[in-house]
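*Asks:* What shape does this take:
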Amino acid sequence: MRDDSVTENLVNGPDQVYIERNGILEETDLHFRDSAEVLRIIDRIVSPLGRRVDESSPMVDARLPDGSRVNVIIPPLSLVGPCLSIRKFPKTALTMDDLVHFDALSRDQAVFLKACVEARMNIVISGGTSTGKTTFLNVLSGYIPAHERIVTIEDAAELQLHQRHVVRLESRPANIEGKGQVPIRQLVSNALRMRPDRIVVGEVRGAEALDMLQAMNTGHDGSMTTAHANTTRDALRRIETMVLMAGMDLPLRAVREQISSAFDLVAQLERLSDGSRKITAISEVQGMEGDTVVMQDLFRFVQTSVRDGKVEGHFTSTGVRPRFTDRIEAAGIILPASIFSPTTKSAKK
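*Replies:* A predicted model of the protein is given here:
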């Protein structure tokens, strides 16, 4: 936990401890005496948080005082013994310049995304587990003007916005008696009554997707969220499924129309085989054609090879200017035409 280079601590029962360093999982030589020792440590971690782990409540997902996220699952649900996962976050929030320096995206992409946030585009950040969605959402949120009122909604508060006018909301699990739960969906509905300029939802996982769409379609432009998905198109399909989970019995076409009018941009993050994290695609949501939501890639990462275990490639534009360019210009932002010029490997930006 004291090693800043370690981003994940994973305990799989008493005999296996893994860590993630630089995006790569590695097994350590650490062991616990037995499952009882792991349970004692878990209890020492979750008890100060007002939570408990036992057979009647064998799972816990919580936030530590330093902002780290902890997940616990114990027998009988876990067959390998008590499992503990602790995800650590950087002590200092990363900036867009840091991400460009780490080659997570190109400078042109950074300039474009900054313009999209300032021009109040609705953005979805999609990707798999541990691809850096929350970190990237935090970076983009940093471009929201300081005079706007921001309401953030999360399962476990991880965002570190530095603007002064930020209201942070966090969902609450049920207590020991099974009462008092406040889900994200309820917080999204309540946020609409708090006069927000922007709503930032840490992650949509279920029925709250419908309320998020309603917010984006009712004057809360510039809102952002993350979702688990493998591609930008999968992200919209998954949000579509989550809206249908809300149980409102909406026609599929109506859901797709809501999605196409709510979202402007989807950014896809991936953790590559060498552990590096990159923005592999940025796609515009262009609207509906028939019953289909139309999307167009604006930027993508082209992988060319793997050399000495290191993924090589380059970022490029597809040569297509987004349809919402006039909205960006109306906000007083002029993007250089060169941003949308395709790039070859020899002319890497």
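*Asks:* the strands in the stretch 1-150 of the chain, which residues?
*Replies:* With strands called from DSSP state E, counting those that start in this stretch, the stretch 1-150 of the chain shows them at 6-12, 17-21, 24-27, 59-63, 69-73, 83-87, 123-127, 150-154.
*Asks:* For Glu270, find the nearest of these.
*Replies:* strand 123-127 (6.3 Å; C-beta to C-beta). The C-beta positions use only the backbone N, C-alpha and C, and glycine is treated the same way.
*Asks:* Now do the buried residues in the helix or strand hosting Leu236.
*Replies:* Element membership of Leu236, judged by DSSP states H and E, is helix 232-244. Neighbour-count burial for helix 232-244, counted by 16 or more other C-beta atoms under 10 Å, picks out 232-233, 235-236, 238-240, 242-244.
*Asks:* got the contact list for the next helix or strand after that helix?
*Replies:* Note on helix 232-244: by DSSP H and E, the next helix or strand toward the C-terminus is helix 252-262. Outside helix 252-262, the residues that touch it by C-beta atoms under 8 Å, 6 or more residues apart in numbering are 122, 212-214, 216-217, 236, 239-240, 243-244, 285-288, 291-294.
*Asks:* Pick the one among the buried residues of helix 232-244 closest to Gly50.
*Replies:* Checking those one by one against Gly50 (C-beta to C-beta), the nearest turns out to be Met242, at 29.2 Å.
*Asks:* Do I have it right that the closest one meets Asp211?
*Replies:* No. Shown here, Met242 and Asp211 do not form a contact pair, counting by C-beta atoms under 8 Å, at 10.7 Å.
*Asks:* Can you lay out the strands of the stretch 1-150 of the chain as CSV showing mean pLDDT, distance to Gly50 and mean neighbour count?
*Replies:* Shown next, in CSV, are these (pLDDT from 0 to 100; distance: least, C-beta to C-beta, whole Å; neighbours: other C-beta atoms under 10 Å):
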stretch, mean pLDDT, distance to Gly50, mean neighbour count
strand 6-12, 94, 22, 18
strand 17-21, 94, 26, 16
strand 24-27, 92, 31, 12
strand 59-63, 88, 9, 16
strand 69-73, 94, 13, 19
strand 83-87, 95, 18, 20
strand 123-127, 97, 31, 26
strand 150-154, 94, 18, 25
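*Asks:* Of all those strands, which one is nearest His101?
*Replies:* The closest of the strands of the stretch 1-150 of the chain to His101 is strand 6-12. By C-beta to C-beta, the value is 17.6 Å.
*Asks:* Okay, angle between that closest one and strand 69-73 too, please.
*Replies:* The directions of strand 6-12 and strand 69-73 differ by 10 degrees, with axes from the mean of the first three to the mean of the last three C-alpha atoms, to 10 degrees as the criterion.
*Asks:* ok, and what's touching strand 6-12?
*Replies:* With C-beta under 8 Å, 6+ apart as the test, strand 6-12 has contacts from 1, 17-21, 23, 25, 32, 38, 80-88, 130.
*Asks:* and it, C-alpha only, in CSV?
*Replies:* The C-alpha trace of strand 6-12 is given here as CSV (Å, rounded to 0.1, in the frame of the first residue of the first chain):
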residue,chain,number,x,y,z
VAL,A,6,1.5,-0.3,-7.3
THR,A,7,-2.0,0.5,-8.5
GLU,A,8,-3.8,-2.7,-7.5
ASN,A,9,-3.5,-5.1,-4.5
LEU,A,10,-5.2,-8.4,-5.1
VAL,A,11,-5.5,-11.1,-2.4
ASN,A,12,-6.9,-14.4,-3.6
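*Asks:* what about the protein, any weak spots by pLDDT?
*Replies:* By pLDDT under 70, the weakly predicted segments of the chain are 344-349.
*Asks:* domain parsing for it?
*Replies:* 6-87, 96-347 (automatic domain parsing).
*Asks:* Contact partners for Met224?
*Replies:* Counting by C-beta under 8 Å, 6+ apart, Met224 has contacts 117, 122-125, 137, 140-141, 198, 200-201.
*Asks:* mind redoing it with 7 Å?
*Replies:* Met224 makes contact with 123, 137, 140-141, 200, according to C-beta atoms under 7 Å, 6 or more residues apart in numbering.
*Asks:* circling back to that earlier point, looking at the domains of the chain, which one is packed in the most?
*Replies:* Of the domains of the chain, the one with the most neighbours on average (mean count of other C-beta atoms under 10 Å) is domain 96-347, at a mean of 18.
*Asks:* and that domain, how far from the chain's centre?
*Replies:* Counting by C-alpha atoms, centre = their mean, to the nearest Å, domain 96-347 is centred 8 Å from the centre of its parent chain.
*Asks:* Quickly run through the sheet partners of whichever strand or helix holds Lys278, with directions.
*Replies:* If you go by DSSP H and E, Lys278 is part of strand 277-289. Paired neighbours of strand 277-289 in the sheet (DSSP bridges): strand 265-271 (antiparallel), strand 292-307 (antiparallel).
*Asks:* Between the strands of the stretch 1-150 of the chain, which one is closest to Pro173.
*Replies:* Taking C-beta to C-beta, strand 59-63 is the member of the strands of the stretch 1-150 of the chain nearest to Pro173, at 7.6 Å.
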